[in-house]
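# sequence below, structure please.
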Amino acid sequence: QPDAGNNPPALNHGGDAARFGGPSRNLRARAGTVDYDPQAWRFDSSTTGVDKPTTTAYLISSDLDLEKTPEDQYEGDVIAMIAGRKDSKVVNNPDGTTTTKIAIPHTYDEAMKGENAKEWGEAIQSEIDAHIENGTWKLVPISEAKGKKIVGSTWTFDIKRGEDGTLARYKARFCAQGFSQLEGVDFITTYSNTIHHNTLRMILAVAALRGLHLSGADVKTAYLYGFIEEGIKVYMRQPRGYEKYQDGVPMTCQLVRSIYGLRQSGARWEARLVKFLVSKMGFERSQCDPCLYKIKKGNDYLWLCVYVDDLTFASTTKEFRNHIFKIIQEEFNITDTGNLTWILNTNISQDLEKGNVTVSQKVYIEDTVRIFFPSGVPKVTGRTVPCDPSISDLAPLATGEMIDPRYRSGVGKLVWLVAISRPDVAYAHSMLARHNQGGGERHMQHLMKAFAYLGRTSHYKLTYGKDNFPTMCKFIESHGDFRTIVLDPET
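Prediction:
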């Protein structure tokens with residue numbers, strides 16, 4: 001936590017936002033009060049010091065007309081959702097009928113003194129061991145960093161779930177606080193690519209059409225394989241709980257490799273991976289999507305999609321895939337996850353005999369719906385639809401109407417569903433996205449209807465099949481003026 005002297009100066013935004021400043025406080029979000037403090041930027045209802053605006057404004061503190069919820073319910077409050085903070089995750093129990101909520105700590109002390117301290121301690125030790133094995137940093141006396149800004153460090157924690165929503169593992173990540181880096185001094189390039197969702201959908205569809213075998217792999221501590229740029233020296237604070245001294249003199253970490261949280265880490269990892277795949281293995285890199293690669297040997301070929309540390313393979317044979325995997329494994333520490341079942345919070349299942357690839361986001365939908373309906377989606381009778389006709393008549397906020405801060409985040413959650421597996425809510429999303437600059441109570445009613453629909457239809461799946469392709473082509477031909485050759489799957 002930074003001290004009060006390092007806080008940003010107080011700013012007055014004319015009443016349209018809370019005042020920033022004051023002593024550092026922990027992030028807490030509760031019904032009836034708001035206290036928001038990621039890195040000492042704060043929303044505090046008691047210190048706004050401004051009158052409520054007469055025009056559009058954000059809901060703050062007493063303006064949040066939130067119903068009190070029992071302690072055992074989900075405590076995802078408005079500001080916590082805006083901050084992206086996760087206080088807990090719900091996992092399915094092995095019996096398949098009940099769930100358990102596991103608290104996620106936000107500091108090292110919380111992890112070691114709270115529930116599941118043993119599991120979190122093992123995850124922390126595993127992370128430290130990985131850094132030692134990779135030689136991520138070397139300890140030097142703090143005097144060597146004289147005149148340089150020492151980058152802060154922190155621990156982050158998360159729960160990893162399997163494709164069925166059950167607990168997979170506890171995860172701890174040691175990160176640099178890259179916001180304290182100086183451009184041109186501590187880093188040069190930061191941009192890195194990730195696979196586009198359209199490309200991923202295309203690979204799944206082609207796999208169904210051509211009978212390609214889908215599989216996955218995970219690169220362990222991927223960012224640690226990137227090296228700090230030549231001529232750049234980055235010093236970082238030692239990991240909390242593992243501080244070391246030399247003759248009573250504090251030490252600091254001089255980074256040799258990139259680490260999660262550094263501004264340039266993504267770019268350095270991508271540079272290392274691209275050099276290996278293209279220069280050493282002979283992969284061709286797509287000009288349309290730089291995270292899509294292809295390699296061909298004889299009659300066998302393989303597509304490779306890269307999303308940071310997640311690798312997705314689509315290959316003609318399992319033998320060729322295993323051959324490529326072993327070569328990559330010689331360079332990086334990667335885990336073979338077998339048949340592709342889970343990627344980007346999405347469940348994938350493939351039936352090679354039927355030629356089908358099925359995509360489901362049931363777990364993600366249930367997590368998202370739980371934010372808006374902590375007690376469960378209300379039961380209704382009649383048709384279940386994502387929106388009603390009046391959604392097209394939604395008008396922007398009028399003078400005096402208040403913005404609901406949940407709105408933009410909620411619409412953003414719809415985007416991911418539409419992009420991957422739920423085109424049935426695409427129209428509702430397009431209508432709601434028109435009001436991203438300010439959605440109020442009227443807009444929230446339609447958003448809640450969309451999420452209620454998703455909650456009732458979370459089991460819906462999107463299926464790609466080779467037998468569906470000709471039918472789709474004929475449908476498009478009969479409703480549009482297209483050349484037949486454009487619809488030929490071999491061109």
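
# where does the stretch 351-491 of the chain dip in pLDDT?
The stretch 351-491 of the chain contains residues with pLDDT under 70 at 481-491.

# sorry, that was for the chain
1-85, 481-491.

# as a quick check, tell me the outermost residue of it.
Asp247 (42.7 Å; C-alpha atoms, centre = their mean).

# residues contacting the nearest residue to Thr166 once chain neighbours are set aside?
Excluding its sequence neighbours, the residue lying closest to Thr166 (C-beta to C-beta, 6 or more residues apart in numbering) is Asn92, at 5.0 Å. For every residue, glycine as well, the C-beta is placed using N, CA and C. Asn92 makes contact with 98-99, 161, 164-166, according to C-beta atoms under 8 Å, 6 or more residues apart in numbering.

# residue boundaries of the helices in the stretch 151-300 of the chain?
Counting by DSSP state H, counting those that start in this stretch, the stretch 151-300 of the chain has these helices, from start to end: 197-210, 265-274.

# chain center to the last one: distance?
Relative to the chain's own centre, helix 265-274 is displaced by 19 Å; criterion: C-alpha atoms, centre = their mean, to the nearest Å.

# distance of the residue nearest the centre of the chain from Arg257?
Nearest to the geometric centre of the chain sits Leu344, at 7.8 Å (C-alpha atoms, centre = their mean). To Arg257, Leu344 is 26 Å away according to C-beta to C-beta, to the nearest Å.

# likewise for Val369?
40 Å.

# just to check, His459 is in contact with Val363?
No: with contact defined as C-beta atoms under 8 Å, His459 does not reach Val363; the gap is 11.3 Å.

# neighbour count: the two, which is higher?
Set His459 next to Val363 and count neighbours by other C-beta atoms under 10 Å: Val363 wins out with 22 against 8.

# tell me the contacts of that one?
Contacts of Val363 (C-beta under 8 Å, 6+ apart): 161, 163, 165, 345, 347.

# now the buried members of those.
Listed as buried from these are 161, 163, 165, 347; burial here means 16 or more other C-beta atoms under 10 Å.

# quick one: Tyr235 and Cys175, what's the gap?
Taking C-beta to C-beta, one finds Tyr235 at 15 Å from Cys175.

# please list all residues in contact with Glu243.
250-251.

# nope, Thr358 is what I meant
348-351, 461-464.

# element containing it?
strand 356-360 (DSSP states H and E).

# following element in sequence after that strand, please.
Assigned by DSSP H and E, the successor of strand 356-360 is helix 362-372.

# can I get the CA coordinates of the helix or strand just after that next one in CSV?
Using DSSP H and E, the next helix or strand after helix 362-372 towards the C-terminus is helix 406-420. Only the C-alpha atoms of helix 406-420 are listed here, as CSV (Å, rounded to 0.1, in the frame of the first residue of the first chain):
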residue,chain,number,x,y,z
ARG,A,406,-23.2,-1.9,-13.6
TYR,A,407,-24.6,-1.2,-17.1
ARG,A,408,-21.4,-0.9,-19.2
SER,A,409,-19.8,-3.8,-17.5
GLY,A,410,-22.9,-5.9,-18.0
VAL,A,411,-23.0,-5.1,-21.7
GLY,A,412,-19.3,-5.9,-22.0
LYS,A,413,-20.0,-9.4,-20.6
LEU,A,414,-22.6,-10.0,-23.3
VAL,A,415,-20.0,-9.2,-26.0
TRP,A,416,-17.9,-12.3,-25.1
LEU,A,417,-20.9,-14.5,-25.2
VAL,A,418,-22.0,-13.2,-28.6
ALA,A,419,-18.5,-13.5,-30.0
ILE,A,420,-18.1,-17.2,-29.0
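
# run through who's touching the longest helix seen in the chain.
Longest helix in the chain, counting residues (DSSP state H): helix 117-134. Residues outside helix 117-134 that contact it (C-beta under 8 Å, 6+ apart): 105, 108, 111-112, 114, 137, 155, 157, 169-174, 220-221, 224-225, 239, 241-242, 257, 259.

# nearest residue to Asn333 other than its sequence neighbours?
Per C-beta to C-beta, 6+ apart, closest to Asn333 is Lys220, 4.7 Å.

# what of Leu311?
Ala217 (4.3 Å).

# what's across from that neighbour in the sheet?
Leu311, Asp336 (DSSP bridges).

# how about the contacts made by it?
The neighbours of Ala217, taking C-beta under 8 Å, 6+ apart as the test, are 310-311, 313, 325, 328, 334-337.

# possible to save these as JSON lines with distance to Cys387 and neighbour count?
Shown next, in JSON lines, are these (distance: C-beta to C-beta, whole Å; neighbours: other C-beta atoms under 10 Å):
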{"residue": "Asp310", "distance to Cys387": "33", "neighbour count": "18"}
{"residue": "Leu311", "distance to Cys387": "38", "neighbour count": "25"}
{"residue": "Phe313", "distance to Cys387": "38", "neighbour count": "24"}
{"residue": "Phe325", "distance to Cys387": "45", "neighbour count": "19"}
{"residue": "Ile328", "distance to Cys387": "45", "neighbour count": "19"}
{"residue": "Ile334", "distance to Cys387": "43", "neighbour count": "17"}
{"residue": "Thr335", "distance to Cys387": "42", "neighbour count": "13"}
{"residue": "Asp336", "distance to Cys387": "43", "neighbour count": "14"}
{"residue": "Thr337", "distance to Cys387": "37", "neighbour count": "16"}
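
# ok, of those, which one's closest to Ile476?
Phe313 (29.8 Å; C-beta to C-beta).

# what residues does Ala428 make contact with?
Ala428 neighbours (C-beta under 8 Å, 6+ apart): 386-387, 391, 414, 446, 450.

# among the residues you listed, which two are most distant?
Ile391 and Leu414 (12.7 Å).

# picking up where we left off before, ignoring the adjacent residues along the chain, who's closest to the residue nearest to the centre of the chain?
Closest residue in space to Leu344, ignoring its immediate chain neighbours: Tyr307 at 6.5 Å, by C-beta to C-beta, 6+ apart.

# any idea what the one you found is bridged to?
Residues in beta-bridge contact with Tyr307 (DSSP bridges): Asp310.

# equivalent analysis for Leu167, please.
Beta-bridge partners of Leu167, as defined by DSSP bridges: Arg161.

# distance-wise, check it relative to Asp404.
Distance from Leu167 to Asp404, by C-beta to C-beta: 33 Å.

# if you count what's nearby, which of those two comes out ahead?
The neighbour comparison of Leu167 against Asp404 (other C-beta under 10 Å) goes to Asp404, with 24 against 17.
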